[in-house]
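K.L.:
What shape does this take:
(chains A, B, C and D)
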Number of protein chains: 2
Amino acid sequence: MQNNKTEHMSSSPMVHVVDDDEAVLDSVGMLLDSIGLINTCYKDAQEFLDAYSETEFDKHNGCILLDIRMPFISGIECQHRLEQMGCRMPIIFVTEHGDVPTAVEAMKNGAAEFIQKPFREQLLIDAIQKALQTNMKNQKRLEIVNQTQGKLASLTNRENQILNAIVTGKANKVIAIELHLSQRTIEIHRAHVMDKMGVNSLAELVKVVIDASPTD
Amino acid sequence: MQNNKTEHMSSSPMVHVVDDDEAVLDSVGMLLDSIGLINTCYKDAQEFLDAYSETEFDKHNGCILLDIRMPFISGIECQHRLEQMGCRMPIIFVTEHGDVPTAVEAMKNGAAEFIQKPFREQLLIDAIQKALQTNMKNQKRLEIVNQTQGKLASLTNRENQILNAIVTGKANKVIAIELHLSQRTIEIHRAHVMDKMGVNSLAELVKVVIDASPTD
DNA sequence: CCTAATCTAGGTATAAATGCTTATTGCTGT
DNA sequence: ACAGCAATAAGCATTTATACCTAGATTAGG
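P.N.:
Down below sits the predicted model:
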């Protein structure tokens, strides 16, 4: 039961546009088309959330244009749900009825931008471009982290236990005593850990483990 | 010439209040006094910036309440200058004339909060308390990082060179070959590095170096 | 000029980690 | 019941790292 997801298809980024006003969807959609940005429009937040949860597209490569005032589910509420669903795509709020508290709330929740209508087209384009840019960088990081976590998941309990002792800086001898095991056994587990984690030195091991840990 | 700064005087946090309206300074000052928060008031940004640059107080323990609209230097401009001066204290904007773009700008620049007047007193107090809280955590981290960087600065050029090779995962033998030096010499430098960095194992060394590096 | 620091390196000894082989035990899924 | 994996552990050879000692060359500072 190995984790065998080599989903490395780095396709074009998708811009998801969520707005209850169809006129806005049309105009923004055309704007995006005109500069060659693949996009999908959703007429309400629920529609987008459904699409998102049902794996209909690359959940990582792209960004989201979100209206604030929408029926049923507001933009902020949608942002929260996406956060909970593990979505890491940058969110750009685009709204007509934006007040300061809402904007502050959105930004504190990690929004990439908060743009008020009417806006210069270039402003939106720049924001999108920047969002896609940062997203790409984040993704590269996340991919590495995910790979490492996959490897970590392939460790047995014992191996994991020994790994933690190793990165703590304990010598095999010490680990052996603490776990009431033969030093030889620790050495074997240690070798397995190095293998499975795909590293050639203790330094590398510590590094990959550190920057895949949540404390980052 | 050892770096001997053991400035560990963790005094009470200072709330710096910057507003051109003296009535506001008075009322906020009294509010802070009433809940036991040490505070200093400044009637314009320049006054605060001067005080900040002239080391008149602990530059790290506290937070800043900043008005947006002020003569000469705006709140946002002040935020930028503080950023450039290396100030890491959280900034809470408090303003009467707040528009969405300004709020978004402030938040993107890392503001902790953006509060519009008039506000409920508790709202400001909560914001301050939270800012001081997060600042304290950040400070603990920064202190450790600074200590490590002090140690790093005490390394000679060679030692630094060897350190980098070590955390890259290279064996002494390899380093010796690469630097056209005796393996013996590398071993000695390595031992000095371990001493100066105050660690007992390679794992510890890698960890302290990693999380004191700017890539964090 | 002399001292201190730095960089260099050899000797010797021990400790630790690595690689390779073999082997027993217990658990799990077919 | 049998195959496969995980965990345990011993032997043996080799490589690496450490610890402690001495010591020459160079350089920067007083």
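
K.L.:
which SSE is the closest residue in space to A:Leu142 that isn't next to it in sequence in?
P.N.:
Nearest residue to A:Leu142, sequence neighbours excluded (Cβ to Cβ, 6 or more residues apart in numbering or on different chains): A:Arg88, at 6.9 Å. Quick note: C-beta positions are derived from backbone N, CA and C, even for glycine. Counting by DSSP states H and E, A:Arg88 is held by no secondary-structure element, helix or strand.

K.L.:
neighbours around A:Arg88, how many?
P.N.:
Residues lying near A:Arg88 (other Cβ atoms under 10 Å in any protein chain shown) number 13.

K.L.:
Contacts only, for it.
P.N.:
The contact partners of A:Arg88, by Cβ atoms under 8 Å, 6 or more residues apart in numbering or on different chains, come to A:His60, A:Asn135, A:Asn138, A:Gln139, A:Leu142.

K.L.:
go with 10 Å
P.N.:
A:Lys59, A:His60, A:Leu82, A:Gly110, A:Asn135, A:Asn138, A:Gln139, A:Leu142 (Cβ atoms under 10 Å, 6 or more residues apart in numbering or on different chains).

K.L.:
contact partners of stretch A:201-208?
P.N.:
A:144-145, A:147-148, A:151-152, A:163, A:166-169, A:190, A:193-194, A:197-199, B:165-171, B:201-207, B:209-210.

K.L.:
Geometric centre of chain A: which residue is closest?
P.N.:
A:Arg88 (3.6 Å; Cα atoms, centre = their mean).

K.L.:
That one and A:Leu82: what is the separation?
P.N.:
To A:Leu82, A:Arg88 is 9 Å away according to Cβ to Cβ, to the nearest Å.

K.L.:
what residues do the two have in common as contacts?
P.N.:
Contacts common to A:Arg88 and A:Leu82, judged by Cβ under 10 Å, 6+ apart, are A:Lys59.

K.L.:
Chain A against DNA strand D: which residues are in contact?
P.N.:
Within chain A, the residues that sit near DNA strand D (Cβ under 7 Å from any atom of the strand) are A:Thr156, A:Asn157, A:Arg158, A:Glu159, A:Leu179, A:Leu181, A:Ser182, A:Arg184, A:Thr185, A:Ile188, A:His189.

K.L.:
what residue ranges in chain A score low on pLDDT?
P.N.:
Along chain A, segments meeting pLDDT under 70 span A:1-10, A:214-216.

K.L.:
which helix of it spans the most residues?
P.N.:
In chain A, taking DSSP state H as the definition, the longest helix is helix A:121-153.

K.L.:
what's the angle between the following helix or strand past it and helix A:121-153?
P.N.:
Per DSSP H and E, the first helix or strand lying C-terminal to helix A:121-153 is helix A:157-168. Interaxial angle, helix A:157-168 versus helix A:121-153 (axes from the mean of the first three to the mean of the last three Cα atoms, to 10 degrees): 110 degrees.

K.L.:
Check which helices and strands helix A:157-168 is in contact with.
P.N.:
With contacts defined as 3 or more Cβ pairs under 10 Å, 6 or more residues apart in numbering or on different chains; DSSP states H and E, the secondary structure elements packing on helix A:157-168 are helix A:121-153, helix A:172-179, helix A:183-197, helix A:202-210, helix B:202-210.

K.L.:
So is that helix next to DNA strand C?
P.N.:
No - between helix A:157-168 and DNA strand C, judged by Cβ under 7 Å from any atom of the strand, nothing touches; the nearest distance is 7.9 Å.

K.L.:
same deal with stretch A:177-193?
P.N.:
Yes - counting by Cβ under 7 Å from any atom of the strand, DNA strand C is contacted by stretch A:177-193 at A:Glu187, A:Ile188, A:Arg190, A:Ala191.

K.L.:
Go through that stretch and flag the buried ones.
P.N.:
A:Ile186, A:His189, A:Arg190, A:His192, A:Val193 (16 or more other Cβ atoms under 10 Å in any protein chain shown).

K.L.:
Mind putting those into TSV with distance to chain B?
P.N.:
Listed next are the buried residues of stretch A:177-193 as TSV, based on distance: Cβ to the nearest Cβ, whole Å:
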residue	distance to chain B
A:Ile186	15
A:His189	16
A:Arg190	12
A:His192	18
A:Val193	13
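
K.L.:
Nearest to A:His16 among those?
P.N.:
Closest approach to A:His16 among the buried residues of stretch A:177-193 (Cβ to Cβ): A:Val193, at 40.7 Å.

K.L.:
quick one: contacts for that closest one?
P.N.:
A:151-152, A:155-156, A:158-160, A:162-163, A:166-167, A:199, A:205, A:209 are the contacts of A:Val193 under Cβ under 10 Å, 6+ apart.

K.L.:
Skipping its backbone neighbours, what lies nearest A:Val174 in space?
P.N.:
A:Ala165 (7.7 Å).

K.L.:
same question, A:Lys173
P.N.:
A:Gln183 (5.5 Å).

K.L.:
got the contact list for the one you found?
P.N.:
Shown in contact with A:Gln183 (Cβ under 10 Å, 6+ apart): A:Ala171, A:Asn172, A:Lys173, A:Val174, A:Ile175, A:Ala176, A:Ile177.

K.L.:
tally of neighbours for the second one?
P.N.:
The number of residues packed around A:Asn172, counting by other Cβ under 10 Å, is 20.

K.L.:
now it: how far from B:Ser201?
P.N.:
12 Å.

K.L.:
Could you count how many residues lie near the residue nearest to A:Val174?
P.N.:
A:Ala165 has 21 nearby residues by other Cβ under 10 Å.
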